[in-house]
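A.B. asks: this one's sequence-less:
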């Protein structure tokens, strides 16, 4: 290799550089200006152990010994060269455009410039490393939850502490279904979070599994009347469920009959132990089942007359022999929305059914909803009543400990977490659902904080969060008139008015109605709306005596002002209310 081949690219073939053809190290060419360039690293990132001189000759090592290809590179030199650098030095200029030879002829280049170039190039070649950070940091800690779903209301546990008596009562009533008879109708009462739905679902699951064990046709259908809240929807949903089950029964029987027909063609003796005396009889039954299957028609969610929907449901239920338990959760919502016609029809079905029997299990939070029922419906529906009392703090603690064993990792909870959750929930009529939500939210907050365990502070923060979420949801769903009354109270408190009375609220309320062009209610009706807000826990209205001036209500907010105001202003009709605030402030200045 000649030292004056200046037109050749200084980037050498790494293999030739390391393993020359004649076993000797080759020289690097000089630059056009006679200045030496740095040796290029080979394919393995190793640098040569010697430097070039300015005239193209190669200096020997300090000992004067010849260097060979088998000689190991200097470790310090190896560490000094970035093995992953992608910048190739060509004629004194690297690929990033930095001229390393322009300053002087020596080999000392500004190391900070080189380091920057090399670091930038390395970072750009590793997109996987560049994408780390967002979720990797969140997943870095140990998980707190093992199975979070155990803490949700939809979960039905295998054991329900402190509800053994109610479960046994339900089982005693429903065992009649396993004998092929129609069980008595059941009404289950209790406040929110007392285990009504969970207990009823637990008993229903046991009933269906036992019926399969003893080969007794028994089915339970669950309807949430808070969602399915009209007679049409209830009947349509039930009809479609039974149609699907009938189709499954027909498909199974068709498979068996087709197999029997094939065997009977080969050996007529295959019919000996069946109810069919010939292959033709089997084919007739197959044809009948196929006709039945084609006759089923799913009920649309709207569009049919109610009597047609009921007829379809009736035929689907009575297609074959079975006992059906219809569980109507939140049954009071159904009565409130569409009256008692649905309950009347369902409770009278057994007198017309030929093959099947129907029983109703109603679940309600309202102990008085039957007061609005027709006396005939009330008498047939309330044949058996089961009341679920609220849980106390000790019972809630047992429930939480039972769920926490499955929901959380080993030592994720400190000792004071479950007692505090139970105490908070016991203050609100023993609501187990609230206790479970509180424990789950506390765990989620601990996860977000990336702590190793859930402590008392997380429970208190969870209590505040749940309460705020409840307030936001209640305020968001208020009618427009109630929102206006509430906003009037907020404006009065925001402007420094304390011990607000009904007259002051009504004056501001009138002005707000004018601003957004809404009909103004009477002061008596506004007083009723304030009482409703008081029942919801949004405001605190106390009747106080003014002596000879009579009595009045002193009103104050029970919820955070800023969050509540933000929810109200999110309503499109109330979004321009802020324009009335200067008017309110002026009125107070005049009065004071």
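C.D. replies: The structure has been received and is ready for your questions. This is a predicted model, so every value here is computed, not measured.

A.B. asks: mind listing what the closest residue to residue 388 other than its chain neighbours touches?
C.D. replies: Leaving aside its chain neighbours, residue 388 sits nearest to residue 190 (3.1 Å; criterion: C-beta to C-beta, 6 or more residues apart in numbering). To be clear about C-beta, it is placed using only N, CA and C from the backbone, and glycine gets the same treatment. Contacts for residue 190 were tallied using C-beta atoms under 8 Å, 6 or more residues apart in numbering; they are 196, 365, 387-390.

A.B. asks: mind running it again at 7 Å?
C.D. replies: When contacts are counted by C-beta atoms under 7 Å, 6 or more residues apart in numbering, residue 190 touches 196, 387-388.

A.B. asks: just the buried residues of those residues.
C.D. replies: 196, 388 (16 or more other C-beta atoms under 10 Å).

A.B. asks: in helices, which of the contacts of residue 190 appear?
C.D. replies: Judged by DSSP state H, those include residue 196 as members of helices.

A.B. asks: distance to residue 162 added to the contacts of residue 190, as a markdown table?
C.D. replies: Converted to a markdown table, the contacts of residue 190 look like this (distance: C-beta to C-beta, whole Å):
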| residue | distance to residue 162 |
| --- | --- |
| 196 | 13 |
| 387 | 14 |
| 388 | 10 |
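
A.B. asks: okay, the contacts of residue 190 in JSON lines with pLDDT next?
C.D. replies: Shown next, in JSON lines, are the contacts of residue 190 (pLDDT from 0 to 100):
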{"residue": "196", "pLDDT": "94"}
{"residue": "387", "pLDDT": "93"}
{"residue": "388", "pLDDT": "94"}
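
A.B. asks: picking up where we left off before, for the residue nearest to residue 388, give its distance to residue 373.
C.D. replies: 19 Å (C-beta to C-beta, to the nearest Å).

A.B. asks: what does the pLDDT read for residue 420?
C.D. replies: Looking at residue 420, its pLDDT reads 93.

A.B. asks: and it, how many neighbours?
C.D. replies: 21 (other C-beta atoms under 10 Å).

A.B. asks: surely it touches residue 457?
C.D. replies: No - applying C-beta atoms under 7 Å as the test, residue 420 and residue 457 come out as separate, 10.2 Å apart.

A.B. asks: tell me what the helix or strand harbouring residue 398 is packed against?
C.D. replies: Per DSSP states H and E, residue 398 falls inside helix 393-407. Packing partners of helix 393-407 (3 or more C-beta pairs under 7 Å, 6 or more residues apart in numbering; DSSP states H and E): helix 417-427, helix 432-448.

A.B. asks: let me have these in TSV, adding distance to residue 488 as columns.
C.D. replies: TSV is the format used below for the helices and strands packed on helix 393-407 (distance: least, C-beta to C-beta, whole Å):
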stretch	distance to residue 488
helix 417-427	30
helix 432-448	31
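
A.B. asks: surely residue 395 meets residue 162?
C.D. replies: Yes - with contact defined as C-beta under 7 Å, residue 395 counts as touching residue 162 (4.6 Å).

A.B. asks: so what's the closest residue to residue 509 other than its chain neighbours up against?
C.D. replies: Residue nearest to residue 509 in three dimensions, not counting chain neighbours: residue 488, with 4.4 Å by C-beta to C-beta, 6+ apart. Shown in contact with residue 488 (C-beta under 7 Å, 6+ apart): 505, 508-509, 512.

A.B. asks: farthest pair within those residues?
C.D. replies: 505 and 512 (10.4 Å; C-beta to C-beta).

A.B. asks: assign residue 357 to helix, strand or coil.
C.D. replies: Of the three states, residue 357 takes strand according to DSSP: H, G, I helix; E, B strand; the rest coil.

A.B. asks: how close does it get to residue 250?
C.D. replies: Distance from residue 357 to residue 250, by C-beta to C-beta: 21 Å.

A.B. asks: these two: which is more packed in?
C.D. replies: residue 357 (21 against 18).

A.B. asks: count the neighbours of the closest residue to that one other than its chain neighbours for me.
C.D. replies: Once flanking residues are discounted, residue 357 sits nearest to residue 182: 3.6 Å by C-beta to C-beta, 6+ apart. Number of residues near residue 182 (other C-beta under 10 Å) recorded here: 17.

A.B. asks: hmm, back to that, any idea which helix or strand carries the residue nearest to residue 509?
C.D. replies: Counting by DSSP H and E, residue 488 is part of helix 480-494.

A.B. asks: the helix or strand just after that helix vs helix 480-494, what angle?
C.D. replies: On the C-terminal side of helix 480-494, the nearest following helix or strand under DSSP H and E is helix 502-516. Relative orientation of helix 502-516 versus helix 480-494 (axes from the mean of the first three to the mean of the last three C-alpha atoms, to 10 degrees): 120 degrees.

A.B. asks: residues contacting helix 502-516, please?
C.D. replies: Contacts for helix 502-516 (C-beta under 7 Å, 6+ apart): 484-485, 487-489, 491-492, 497, 520, 523, 526-527, 530, 552-553, 555, 573-574, 576-577, 579-580, 583-584.

A.B. asks: which element is residue 307 on?
C.D. replies: With DSSP H and E as the criterion, residue 307 is inside helix 306-317.

A.B. asks: circling back to that earlier point, got the contact list for the helix holding residue 398?
C.D. replies: 145-148, 150-151, 159, 161-162, 413, 418-419, 421-423, 425-426, 430, 432, 435-436, 439.

A.B. asks: between it and helix 417-427, how many degrees?
C.D. replies: Using the same axes, to 10 degrees: helix 393-407 against helix 417-427 is 130 degrees.

A.B. asks: what residues sit buried inside helix 393-407?
C.D. replies: 393, 395-397, 399-400, 402-404, 407.

A.B. asks: same thing with stretch 286-304?
C.D. replies: For stretch 286-304, by 16+ other C-beta under 10 Å, it's 286, 289, 296, 299, 304.

A.B. asks: okay, the residues you listed in JSON lines with secondary structure and distance to residue 244 next?
C.D. replies: Listed next are the buried residues of stretch 286-304 as JSON lines, based on DSSP: H, G, I helix; E, B strand; the rest coil; distance: C-beta to C-beta, whole Å:
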{"residue": "286", "secondary structure": "helix", "distance to residue 244": "21"}
{"residue": "289", "secondary structure": "helix", "distance to residue 244": "16"}
{"residue": "296", "secondary structure": "coil", "distance to residue 244": "9"}
{"residue": "299", "secondary structure": "coil", "distance to residue 244": "12"}
{"residue": "304", "secondary structure": "coil", "distance to residue 244": "18"}
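
A.B. asks: which one of those sits closest to residue 242?
C.D. replies: residue 296 (9.5 Å).

A.B. asks: my guess is that closest one meets residue 247, correct?
C.D. replies: Yes - using C-beta under 7 Å, residue 296 makes contact with residue 247 at a distance of 6.3 Å.

A.B. asks: ok, residue 382 - how many residues close by?
C.D. replies: Using other C-beta under 10 Å: residue 382 sits among 15 other residues.

A.B. asks: for it, what are its contacts?
C.D. replies: 187, 370.

A.B. asks: what about it? Give its phi and psi, please.
C.D. replies: When read as degrees, to the nearest 10, the backbone of residue 382 gives phi -90, psi 50.

A.B. asks: where does the stretch 101-250 of the chain dip in pLDDT?
C.D. replies: 101-133, 137-138, 141 (pLDDT under 70).

A.B. asks: any idea how far residue 149 is from residue 214?
C.D. replies: 31 Å.

A.B. asks: elements contacting the longest helix seen in the chain?
C.D. replies: In the chain, taking DSSP H as the definition, the longest helix is helix 231-266. In terms of contact count using 3+ C-beta pairs under 7 Å, 6+ apart, helix 231-266 is assigned the packing partners strand 218-224, helix 279-295, helix 306-317, helix 341-347.
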